[in-house]
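Colleague: the sequence and its predicted three-dimensional model are supplied below.
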Amino acid sequence: MFRRIVLAGLSVSALWAQSPNFGTGLYPVLEQAKCRICHTAEGVASATRLHFPEADAAPNQIAAFGNSLVNLIDKDHPETSLLLRKPTGAMPHAGGERIKRGSPEEVTLKAWVTQLTKLTGPELATALRYREFQDRGLGAKSQDAELRRLTHSQYNHTVRDLLGDQSNPAGQFPPEDFINGFRNQTQGQSLSPLLIEAYSASAEKLARSAFRGGDTHNLIPCKSASANAACRAKFVRDFGLRAFRRPLDAGEQKRYEALMASEPDALKGAQLAVEAMLQSPNFLFHLDVVTDAKLKPWAAASRLAYGLVDTMPDAELFTAAAKGELATRAGLEKQTRRLLADGRAREALNEFTAQWLRFDRLTTSSKDRRKYPLYTRDTASSMIEEARTFVSDLVWNNGNFMALFTADYGYVNPDLAAIYNVKAPAKDFDKVPFPPGSERAGILGQGLFLTLTAKPDDSSPTARGLFVRTQFLCQQVPDPPPGVNTNLPAVTEAKPQTNRDRMSEHASNPTCASCHKLIDPIGFGMEKFDAIGARRDQLALEFRGRGGEGTGRGMAARTVKLELNTNGDVAGLPDARFSSPAQLGAVLAKTPQCQECVVKQYFRYTAGRLETLADRPVILKALEDFRNSQFKFQEMIVSLTLLREFPPTTSARP
């Protein structure tokens, strides 16, 4: 019966007399069904065996993907194949029904399942190894940029180390947007007219300040009132090397010398040259990946410095670049570990932590002061400081970084102690154990996460589940369809409901269910914690009169308490049922997707882009090194740094 389906009077075998073509047949059907949204390395179904190729994949890669679906069929009983039953909803599928049973699309799907049963020999062997070839990144191209614009923090740090200027001028620049979870992604680094104007004004002010009161920072190598040609040449050469993070070419050297010589006063000439250099793209952008052999050492130095200490290379790194030491693994590792021991590396890591954990959302959040009198601006700052201290301790004391999700302690001050119901330590932000039975653990039990993923007046299971998916599993959840009403039913005194009950609409409405089934159940498991992270065993709903008589200030409120069902799960992960942040943390800490996501997030931050198929070997090797080090974050940094300069090689082809 399965092999003899009839549609419009034609048998499938007749429709596909020349064998079906996956690229023009089933592939468009799967794309139209939006299977790609979940089934990629970043999708919520990343743990499954079904991974789509990149959106711009070549026809031969699409064909190889089509054959790889043989991993999802039962050749002896094709009608029971996962490939057929899951997308049609014939068996439980987190994505719901994507292909309607009895439709022409299902006929196309069944025809391809039939075709896959015929794969044999080398063709079958290659299809079965598709994921292995994906992990090797074969046929894919890296998307590294040749130049990357200085981020605002890098700009501030660079002028600090170049000119000794501590004014942080980039604080006045137009704000940077979050893309791919970070503010430093290359696709968001275009130069707007406002930013160009800000760079110009900043360069003028910085150059003027650098020589106010004389050459107080010893930038000029000669001390006479009018610098001679040799002095100008040395200044341009030395300062230019540091400002552009590479030696100047002959033309650049000549132009800046001439510009400096246009002023008879040495200080004014140097100020003019500095102002011009600070507006040059060679200063505002740093080398990242280049093909010019002469520039490669300097690009490596810039990548290392801006990746590890968020600023320009120092003198020792410039020397290592000039000597060619960064072209060897030993030389690169030596400089990597040296910079990790530099105090500026801690500041750089704080920047990564702030963006990854979205501190910005907390600084702009507000809460209902009547419901949450303990929450103030100072409380928000305390929550940020706790998270920053927590991450820093794990990294710089070489702890197991997956304790980020399982640690049974926090770093508390009196503000947080009142929320956590613990005794305040003698010193602010000392380590304090969470009480037994608190059900807190790691970052998920801290005020930062529980507060920034909540609404002004209550918790938000959807926001909490979405944050876990995107930040800790590196999975992309699509936005709601246009025009969908995202408002939940109002809570009334006549019908008091928990968030779980109110959100039942998400599960019953097919438009919402496919995504919300993937995120809401995660948030349900954290409902014992309110909008500022305080523990609650019941949901207390307060009702006051609205309008009419007796609604004055003195009117007593009626409180209704509801039991909370905090059973949650993470769809797509094995053994992922939980009922508290502590239990969810234990699930995440042991989950390969979460461990890999930690590596991916740091890769995205340092590379300035999302990882691609070409980066799979680097990601997987760094993950292997991370695990072998017992999840020491510093070792993962070293591994990723070396792998990006000396990537794994492979010669196999699909």
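Modeller: Nice, thanks for sending it over.
Colleague: the closest residue to residue 610 other than its chain neighbours: neighbour count?
Modeller: Leaving aside its sequence neighbours, residue 610 sits nearest to residue 180 (CB to CB, 6 or more residues apart in numbering; 5.2 Å). In short, each C-beta sits where N, CA and C put it, glycine included. Applying other CB atoms under 10 Å, we find 19 residues neighbouring residue 180.
Colleague: right, and residue 180 touches residue 605 too?
Modeller: No. Look at residue 180 against residue 605 with CB atoms under 8 Å: they stay out of range, at 9.2 Å.
Colleague: mind listing what residue 280 touches?
Modeller: Residues in contact with residue 280, defined by CB atoms under 8 Å, 6 or more residues apart in numbering, are 243, 244.
Colleague: got a pLDDT number for it?
Modeller: On the pLDDT scale, residue 280 is placed at 96.
Colleague: re earlier: can you give me the pLDDT of the residue nearest to residue 610?
Modeller: For residue 180, the model assigns a pLDDT of 94.
Colleague: contacting residues for it?
Modeller: By CB under 8 Å, 6+ apart, the contact set of residue 180 is 604, 609, 610.
Colleague: in TSV: those residues, plus secondary structure and neighbour count.
Modeller: Output for the contacts of residue 180, formatted as TSV (DSSP: H, G, I helix; E, B strand; the rest coil; neighbours: other CB atoms under 10 Å):
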residue	secondary structure	neighbour count
604	helix	23
609	coil	22
610	coil	19
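Colleague: now the residues you listed in CSV, with pLDDT and distance to residue 187?
Modeller: Listed next are the contacts of residue 180 as CSV, based on pLDDT from 0 to 100; distance: CB to CB, whole Å:
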residue, pLDDT, distance to residue 187
604, 97, 12
609, 94, 7
610, 93, 9
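Colleague: tell me the one among the residues you listed nearest to residue 253.
Modeller: For the contacts of residue 180, the closest approach to residue 253 (CB to CB) belongs to residue 609, at 33.4 Å.
Colleague: next up, phi/psi of the residue nearest to residue 610, please.
Modeller: The phi/psi pair for residue 180 (degrees, to the nearest 10) reads phi 60, psi 30.
Colleague: tell me how far it lies from residue 611.
Modeller: Using CB to CB, to the nearest Å, residue 180 is found at 10 Å from residue 611.
Colleague: which residues are common contacts for those two?
Modeller: Here residue 180 and residue 611 have residue 604 as joint contacts, going by CB under 8 Å, 6+ apart.
Colleague: in this structure, where is pLDDT below threshold?
Modeller: 1-19, 131-143, 145, 224-227, 481-486, 505-514, 545-556, 650-654 (pLDDT under 70).
Colleague: separation between residue 394 and residue 192?
Modeller: 38 Å.
Colleague: these two: which is more packed in?
Modeller: residue 394 (20 against 10).
Colleague: within the helices and strands, which one has that one?
Modeller: Of the helices and strands defined by DSSP states H and E, residue 394 is found in helix 377-396.
Colleague: what's in contact with the helix or strand following that helix?
Modeller: Remark: after helix 377-396, the chain's next helix or strand is strand 409-412, criterion DSSP H and E. With contacts defined as CB under 8 Å, 6+ apart, strand 409-412 is touched by 385-386, 389-390, 393, 416, 420, 422, 424-425, 429-434, 440, 445-446.
Colleague: now for the helix holding residue 394, which elements pack on it?
Modeller: helix 343-356, helix 359-363, strand 409-412, helix 414-420, helix 447-452, helix 633-645 (3 or more CB pairs under 8 Å, 6 or more residues apart in numbering; DSSP states H and E).
Colleague: now do the buried residues in it.
Modeller: For helix 377-396, the neighbour count (16 or more other CB atoms under 10 Å) marks 379-380, 382-391, 394-395 as buried.
Colleague: let's have these in JSON lines, adding distance to residue 50.
Modeller: JSON lines is the format used below for those (distance: CB to CB, whole Å):
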{"residue": "379", "distance to residue 50": "45"}
{"residue": "380", "distance to residue 50": "42"}
{"residue": "382", "distance to residue 50": "44"}
{"residue": "383", "distance to residue 50": "39"}
{"residue": "384", "distance to residue 50": "39"}
{"residue": "385", "distance to residue 50": "43"}
{"residue": "386", "distance to residue 50": "40"}
{"residue": "387", "distance to residue 50": "35"}
{"residue": "388", "distance to residue 50": "39"}
{"residue": "389", "distance to residue 50": "41"}
{"residue": "390", "distance to residue 50": "36"}
{"residue": "391", "distance to residue 50": "34"}
{"residue": "394", "distance to residue 50": "34"}
{"residue": "395", "distance to residue 50": "35"}
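Colleague: ok, the residues you listed vs residue 273, which is closest?
Modeller: Among these, and counting by CB to CB, the member closest to residue 273 is residue 388, at 39.4 Å.
Colleague: what distance do you get for residue 116 to residue 52?
Modeller: Look at residue 116 and residue 52: by CB to CB, they are 17 Å apart.
Colleague: between those two, who's got more neighbours?
Modeller: The residue with more neighbours, out of residue 116 and residue 52, is residue 116; 24 against 19, by other CB under 10 Å.
Colleague: residues in contact with that one?
Modeller: 67, 69, 70, 73, 75, 83.
Colleague: do that again at 7 Å, thanks
Modeller: 69, 70, 73 (CB atoms under 7 Å, 6 or more residues apart in numbering).
Colleague: circling back: which residues touch the helix holding residue 394?
Modeller: Under CB under 7 Å, 6+ apart, the answer for helix 377-396 is 346, 349-350, 353, 357, 359, 362-363, 365, 399, 401, 403-404, 410-413, 415-416, 429, 443, 446-448, 451, 633-634.
Colleague: tilt between that helix and helix 633-645?
Modeller: 70 degrees (axes from the mean of the first three to the mean of the last three CA atoms, to 10 degrees).
Colleague: with just CA atoms, put helix 377-396 into CSV.
Modeller: Below are the C-alpha coordinates for helix 377-396, written out as CSV (Å, rounded to 0.1, in the frame of the first residue of the first chain):
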residue,chain,number,x,y,z
ARG,A,377,18.1,50.5,41.2
ASP,A,378,20.6,49.5,43.8
THR,A,379,19.1,46.0,43.9
ALA,A,380,19.5,45.7,40.1
SER,A,381,23.2,46.8,40.5
SER,A,382,23.7,44.2,43.2
MET,A,383,22.2,41.5,41.0
ILE,A,384,24.7,42.4,38.2
GLU,A,385,27.6,42.5,40.6
GLU,A,386,26.7,39.0,42.0
ALA,A,387,26.6,37.5,38.5
ARG,A,388,29.8,39.2,37.5
THR,A,389,31.6,38.0,40.6
PHE,A,390,30.2,34.5,40.2
VAL,A,391,31.4,34.1,36.6
SER,A,392,34.8,35.7,37.3
ASP,A,393,35.4,33.3,40.2
LEU,A,394,34.7,30.3,38.0
VAL,A,395,37.0,31.6,35.3
TRP,A,396,40.0,33.0,37.1
